[in-house]
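Enquirer: the sequence isn't on hand, but the structure is:
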């Protein structure tokens, strides 16, 4: 066995396509040592089986008190990844606290509750397709699919679920986009986080004054009825997490699926003929081009060996979802190929791009429904829709957390209403 030291992989704050780096790292092993922005030492778990083990391991925590460098005061206030570590909510809670916080919002995301949202999602989708068509007509036949369709759909849905007035939504997207950016400067990071808290505090104040049938009003009621169930900081932290997770993931999922189908026209035609389902497209996209590439953070509470590699206690660890999705050890020698027939193939290994274990994504049923409806309606109305620029010319997000492109220019073609 080669015991020579391996140079840590320096995470690129500007993001970029993750798959080439992932392949190189996976060739060395399922766990990689990494250098995070600010020269913070960390690790990433990349292999499918190793990541499953790590995500469900009883000696792995989410609470920031386990983050050694943060506890020792060596993390700067403007560190771009600080919010992921310190926001008070489900993603940074363990044990009883995690169960308490998750129980407060879980009823809004059950399969049954999500199914009740279907007519509204279909209505929103229809209106946005009208808008996409209009944007293309005024734009010389080209429109940005992210701006006019993939973004406003999930933001509209999560906004209505949370009781966030439409006037706040564009600003919230801008601010949360800065929060998930990994190339942002310290002053920008601090300012974005402060404004995000201020905007969501205003949203909470509005709902406290005029409660409605929304999740924010329900959380405020839980806070006011019994302060032990939810603190003010946890209320705002939960709203931060709901807004980010409730639209960024689905935005990237829809965008990446459209890119994949436009680049594989034969598979698009197969789905349009009913030979594969739109749900299969969603699952294969989640595996092949996961909407979240590296999600921060988890911390071993003791020195932990995963797939033969020791991760020291208190190390901030990234969950490498985009790498796990293309791990050939799990998904076969053709793991790099997009194949909508894969999800229904006997023996196919299910991806873990929406998490695994106690912190599995609460919004998974909603994300799947939104994406399935969006893709089916989009390509039914615009069956000839295609990219307006070559895939290679698209600009990646400036983040190694989110995994998609900044804009997606498309030519919708003839509308079939």
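Expert: Good, I have the coordinates. The model shown is predicted, which means the values in this text are computed figures rather than measured ones. Numbers count the residues shown, from 1 in each chain.
Enquirer: can you pull the contacts of the closest residue in space to residue 358 that isn't next to it in sequence?
Expert: Nearest residue to residue 358, sequence neighbours excluded (Cβ to Cβ, 6 or more residues apart in numbering): residue 98, at 6.6 Å. To be clear about C-beta, it is placed using only N, CA and C from the backbone, and glycine gets the same treatment. Residue 98 makes contact with 62, 90, 358, 359, according to Cβ atoms under 8 Å, 6 or more residues apart in numbering.
Enquirer: tally of neighbours for the third one?
Expert: Residue 358 is flanked by 15 other residues according to other Cβ atoms under 10 Å.
Enquirer: from the contacts of residue 98, which one has the minimum pLDDT?
Expert: Ranked by pLDDT, the contacts of residue 98 bottom out at residue 90 (91).
Enquirer: before we move on, the earlier item: who wins on neighbours among the contacts of residue 98?
Expert: That'd be residue 90 among those, by other Cβ under 10 Å, with 26 neighbours.
Enquirer: now that one. Nearest residue, chain neighbours left out?
Expert: residue 101 (4.7 Å).
Enquirer: buried stuff in the helix or strand hosting that neighbour?
Expert: Element membership for residue 101 (DSSP states H and E) is helix 95-106. Residues 97, 98, 100, 101, 102, 104, 105 are the ones in helix 95-106 that count as buried (16 or more other Cβ atoms under 10 Å).
Enquirer: that older thread, just the contacts of residue 98 now: which is nearest residue 185?
Expert: Using Cβ to Cβ, residue 62 comes nearest to residue 185 of the contacts of residue 98, at 26.7 Å.
Enquirer: list the contacts of that closest one.
Expert: 91, 92, 93, 94, 98, 297, 298, 299, 359.
Enquirer: distance of it from residue 364?
Expert: Distance of residue 62 to residue 364, given as Cβ to Cβ, to the nearest Å: 18 Å.
Enquirer: got the contact list for stretch 265-285?
Expert: 253, 256-257, 260-262, 338-344, 351, 368, 371-372, 375-376, 379, 383.
Enquirer: next: stretch 387-407.
Expert: Contacts for stretch 387-407 (Cβ under 8 Å, 6+ apart): 11-18, 84, 141-142, 144, 146-147, 180-183, 248, 251-252, 255-256, 259, 262-263, 289-296, 322, 408-411.
Enquirer: in the sheet, who's paired with residue 35?
Expert: Beta bridges link residue 35 to residue 10, residue 41 when assigned by DSSP bridges.
Enquirer: which residues touch it?
Expert: 8, 9, 10, 11, 41, 42 are the contacts of residue 35 under Cβ under 8 Å, 6+ apart.
Enquirer: buried sites along the longest helix seen in the chain?
Expert: Criterion DSSP state H: the longest helix present in the chain is helix 232-262. Across helix 232-262, burial judged by 16+ other Cβ under 10 Å covers 234-262.
Enquirer: got it, and stretch 53-63?
Expert: 53, 54, 55, 60, 61, 62, 63.
Enquirer: can you give me the end-to-end span of it?
Expert: This stretch, stretch 53-63, spans 19 Å end to end (Cα to Cα, to the nearest Å).
Enquirer: and the contacts of the helix or strand bottoming out on mean pLDDT in the chain?
Expert: For the chain, using mean pLDDT, DSSP states H and E, the weakest element among its helices and strands is helix 215-225, scoring a mean of 84. With Cβ under 8 Å, 6+ apart as the test, helix 215-225 has contacts from 104-105, 108, 161-164, 203-204, 207-208, 211, 229-232, 235, 238-239, 242.
Enquirer: and the spatially closest residue to residue 304 that is not a sequence neighbour, how many residues sit next to it?
Expert: Among residues not flanking residue 304 along the chain, residue 311 sits closest, at 5.0 Å (Cβ to Cβ, 6+ apart). Using other Cβ under 10 Å, residue 311 has 23 other residues around it.
Enquirer: what backbone torsions are found at residue 311?
Expert: Main-chain dihedrals, residue 311, degrees, to the nearest 10: phi -110, psi 110.
Enquirer: and it, how far is that from residue 102?
Expert: Taken as Cβ to Cβ, the span from residue 311 to residue 102 is 25 Å.
Enquirer: average pLDDT for whichever strand or helix holds residue 287?
Expert: Assigning secondary structure by DSSP H and E places residue 287 in helix 278-288. The pLDDT scores in helix 278-288 average 98.
Enquirer: cool, stretch 370-379 as well?
Expert: Here the average pLDDT along stretch 370-379 is 98.
Enquirer: use 26 as the first number from now on
Expert: Right, with 26 as the first residue, what we last looked at is stretch 395-404.
Enquirer: tell me which stretches of the stretch 326-442 of the chain form strands.
Expert: 329-331, 334-336, 342-345, 411-412, 434-436 (DSSP state E, counting those that start in this stretch).
Enquirer: buried set for the first one?
Expert: Taking 16+ other Cβ under 10 Å as the basis for neighbour counts, the residues of strand 329-331 that come out buried are 329, 331.
Enquirer: for residue 121, give me its contacts.
Expert: Here residue 121 is in contact with no residues (criterion: Cβ under 8 Å, 6+ apart).
Enquirer: ah, wrong one, I meant residue 339
Expert: 91, 92, 93, 94, 96, 324, 325.
Enquirer: any idea which of the residues you listed has the most stuff around it?
Expert: Going by other Cβ under 10 Å, residue 324 tops these with 27 neighbours.
Enquirer: quick check, that residue in a helix?
Expert: No - with DSSP: H, G, I helix; E, B strand; the rest coil as the criterion, residue 324 is strand rather than part of a helix.
Enquirer: how about it: what's its closest non-neighbour residue?
Expert: With Cβ to Cβ, 6+ apart, the residue lying closest to residue 324 is residue 91, at 3.9 Å.
Enquirer: give me the pLDDT value at that neighbour.
Expert: pLDDT at residue 91 comes out at 98.
Enquirer: which of the contacts of residue 60 are buried?
Expert: Applying 16+ other Cβ under 10 Å to the contacts of residue 60 flags 34, 36, 67 as buried.
Enquirer: CSV for those, including distance to residue 201?
Expert: Converted to CSV, these look like this (distance: Cβ to Cβ, whole Å):
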residue, distance to residue 201
34, 27
36, 20
67, 23
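Enquirer: could you verify my assumption that residue 336 touches residue 327?
Expert: No - contact between residue 336 and residue 327 fails when scored by Cβ atoms under 8 Å: they sit 9.8 Å apart.
Enquirer: I'd like the next helix or strand past whatever helix or strand residue 145 lives in.
Expert: Under the criterion of DSSP H and E, residue 145 resides in helix 143-163. Scanning forward in sequence from helix 143-163 by DSSP H and E, the next helix or strand is strand 168-169.
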